[in-house]
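Asker: I would like the atomic coordinates for the input below:
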Amino acid sequence: MMRSIRSRTLLLVLGVLSLSLALMTYKSYHDAQHEIAELFDAQLAQTARLLQGLVGRDMPHSTRQALQAALDQAIQGQGTTGKVVNGHPYEGKLAFQVFDEQARVVLHSASAPTSALAQLLNQIGQTANLSDTRAVSEPLSSHAAQLAGFHTVALEAFQWRLFMLHDRQDGLWILLGEREDVRGELVGKVARRGLLPDLFGLPFLALLVWLAVGWGLRPLQKMAELIKARAPDNLAPLLLASLPTELEPMNASLNRLLLQVTQLMEQEKCFIADAAHELRTPLAVLRIHAHNALEAADPAERTEALQQLDIGVERATRVVTQLLTLARLDPSGARLIMAPLDLLGYVRNELAELIPLALNRDQELTLDADEAGDYHLLADAPSLGTLLQNLVSNAVQYSPPGGCIQVSLDAQADALLLRVQDSGPGVEADLRGKLFERFYRRGESQGAGLGMSIVQRVVELHRASISLGQSPLGGLDVCVRLPK
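Answerer: Numbers count the residues shown, from 1 in each chain. All right, here's what the predicted structure looks like:
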């Protein structure tokens with residue numbers, strides 16, 4: 001797996017560039033092949049018309065022989081010494097023949113294939129469904145429509161491009177031919193000469209692309225170096241000037257992440273400080289009770305010290321549990337699983353587990369709800385269970401022995417009301433707001449002062465609301481409104 005952005009970008013760019021060059025070269029090769037073929041065809045036609053102007057039916061035999069020798073030398077590019085005189089590699093290698101109406105050769109070049117006309121007539125005969133004998137025996141003018149123009153025939157293991165011109169005034173037929181492999185050689189040379197610069201220039205172009213991509217990725221490299229050079233405890237936002245548009249979202253995301261990490265670390269510090277503050281006294285008390293139990297000479301004193309030790313352990317356990325619950329329900333770190341919930345059935349099951357707490361103090365715990373109501377909503381069941389447990393346990397703790405705790409549910413159109421009322425002493429109106437502060441306790445309570453803070457966290461996570469009032473039973477009335 002390729003991990004380097006530069007390598008991946010370079011590979012992609014060079015791949016696209018190479019493919020584009022290959023397609024353009026392929027197109028150029030075929031265009032060159034077509035244009036060169038057109039150029040050669042034009043040369044054949046032009047040379048045929050030049051021969052038409054030079055050759056006449058009434059030309060003396062000696063003049064024809066001299067003309068043929070001169071044409072042979074001119075077409076072959078040969079001088080009297082046999083060496084190339086003012087030649088060119090792209091010069092065409094032409095062959096020609098001049099026929100009369102009976103297909104007798106009047107004039108020809110030394111390189112002309114002798115079977116060219118016969119092969120052409122055979123090809124015409126096959127096209128016109130004529131026998132080879134009839135096609136060859138008839139006058140050439142009877143095939144004028146088929147003979148005139150360009151043809152491609154196979155002669156002596158080579159493909160030849162032929163052009164036939166009919167001189168109606170002198171009754172002559174002029175046939176010029178050129179081998180296809182000569183044209184192909186020229187096209188190959190043109191294509192190779194066009195391709196070589198691309199092949200030699202591609203590595204240089206790759207180097208330029210590599211440098212350009214590196215220059216373009218330099219801001220990203222600077223950002224990586226800046227992050228790498230930062231101290232582990234440096235969570236300040238990244239301040240980078242003149243950032244490219246593509247890196248601005250990354251910089252913003254990193255700064256947001258650093259802010260979240262800072263907040264989490266601050267919450268962790270607060271949690272550690274709170275735990276140290278709240279556990280210091282219970283642990284000191286446990287140590288004193290344990291020391292008293294060890295030093296007690298009277299069994300009654302030892303038993304009393306051990307009972308106090310058990311109460312202290314229970315209180316420390318409660319403090320630790322509530323601290324962990326508070327940390328778990330932190331709004332920035334909590335992940336609730338919202339699912340459909342029948343609140344009436346859920347509350348009934350939770351209260352069944354809390355009844356022993358009330359019975360232990362001879363208290364009455366009741367549930368009041370209309371069975372016909374719709375109590376379905378989307379909520380996180382475990383956190384709602386924590387909310388109900390804290391509200392009921394607080395009510396049990398602050399209500400006197402033999403008191404009453406009433407839990408009620410009311411189904412409204414868009415929300416459900418969960419109400420917990422007790423027969424305790426209640427809370428003055430000006431002090432009710434302090435109940436949600438951490439470690440705030442009323443009187444000589446043995447709690448940690450975190451119960452209502454936990455309730456408030458659960459309410460915030462469910463986007464609900466909570467209100468405190470005076471209960472008809474005489475104590476505190478806590479009403480939680482949960483949106484459906």
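Asker: can we go C-alpha only for contacts and neighbour counts from here?
Answerer: OK.
Asker: pLDDT below threshold where in the stretch 1-150 of the chain?
Answerer: Along the stretch 1-150 of the chain, segments meeting pLDDT under 70 span 1-3, 56-57, 72, 74-93, 125-137.
Asker: tell me which other helices or strands the longest strand belonging to the chain touches.
Answerer: Using DSSP state E, we find that the single longest strand of the chain is strand 158-167. Contacts defined by 3 or more CA pairs under 8 Å, 6 or more residues apart in numbering; DSSP states H and E place strand 158-167 against helix 5-54, strand 149-155, strand 172-179, helix 180-216.
Asker: so how far is that strand from its chain's centroid?
Answerer: On the basis of CA atoms, centre = their mean, to the nearest Å, strand 158-167 sits 61 Å off its chain's mean C-alpha point.
Asker: do stretch 283-297 as well
Answerer: 66 Å.
Asker: in it, what counts as buried?
Answerer: Buried residues in stretch 283-297, counting neighbours by 16 or more other CA atoms under 10 Å, are found at 285-286, 289-290, 292-293.
Asker: just those now: which is nearest Glu185?
Answerer: Leu286 (104.6 Å; CA to CA).
Asker: what about that closest one, helix or strand, and which?
Answerer: Assigned by DSSP states H and E, Leu286 belongs to helix 248-295.
Asker: give me the angle between the next helix or strand after that helix and helix 248-295.
Answerer: For helix 248-295, the following helix or strand on the C-terminal side (DSSP H and E) is helix 299-328. Per axes from the mean of the first three to the mean of the last three CA atoms, to 10 degrees, the angle that helix 299-328 makes with helix 248-295 is 180 degrees.
Asker: list the strands paired with the longest strand of the chain, with their directions.
Answerer: strand 149-155 (antiparallel), strand 172-179 (antiparallel) (DSSP bridges).
Asker: for these, which one sits closest to Leu67?
Answerer: Smallest distance to Leu67 across these (CA to CA): 14.7 Å, for strand 172-179.
Asker: I would like the residues contacting that closest one, please.
Answerer: 44, 47-48, 51-52, 57, 92-101, 112, 158-167 (CA atoms under 8 Å, 6 or more residues apart in numbering).
Asker: relative to helix 5-54, how tilted is it?
Answerer: 160 degrees.
Asker: state the mean pLDDT of strand 172-179.
Answerer: For strand 172-179, mean pLDDT rounds to 87.
Asker: same question, stretch 269-285
Answerer: Mean predicted confidence for stretch 269-285 is 65.
Asker: correct me, but Ala45 touches Arg161?
Answerer: No - counting by CA atoms under 8 Å, Ala45 stays clear of Arg161, with 11.4 Å between them.
Asker: where does the stretch 151-300 of the chain dip in pLDDT?
Answerer: Residues of the stretch 151-300 of the chain that meet the cut-off, pLDDT under 70, sit at 191, 194-195, 270-271, 273-282, 285.
Asker: show me what the helix holding Leu286 is packed up against.
Answerer: Counting by 3+ CA pairs under 8 Å, 6+ apart, helix 248-295 packs on helix 299-328.
Asker: tell me how far the helix it packs on lies from the chain's centre.
Answerer: Remark: helix 299-328 is offset 56 Å from the chain centroid, using CA atoms, centre = their mean.
Asker: pick the most deeply packed of the helices and strands packed on strand 158-167.
Answerer: Mean neighbour counts were compared across the helices and strands packed on strand 158-167 using mean count of other CA atoms under 10 Å; the top stretch is strand 172-179, at a mean of 25.
Asker: would you put the C-alpha positions of that strand in PDB?
Answerer: Output in PDB follows, covering the C-alpha atoms of strand 172-179 (Å, rounded to 0.1, in the frame of the first residue of the first chain):
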ATOM      1  CA  LEU A 172      -2.600   5.000 -74.400                       C
ATOM      2  CA  TRP A 173      -2.900   3.700 -70.800                       C
ATOM      3  CA  ILE A 174      -0.300   4.900 -68.300                       C
ATOM      4  CA  LEU A 175       0.100   2.700 -65.200                       C
ATOM      5  CA  LEU A 176       2.300   3.900 -62.200                       C
ATOM      6  CA  GLY A 177       3.000   1.800 -59.200                       C
ATOM      7  CA  GLU A 178       4.700   2.000 -55.800                       C
ATOM      8  CA  ARG A 179       5.300  -0.600 -53.200                       C
END
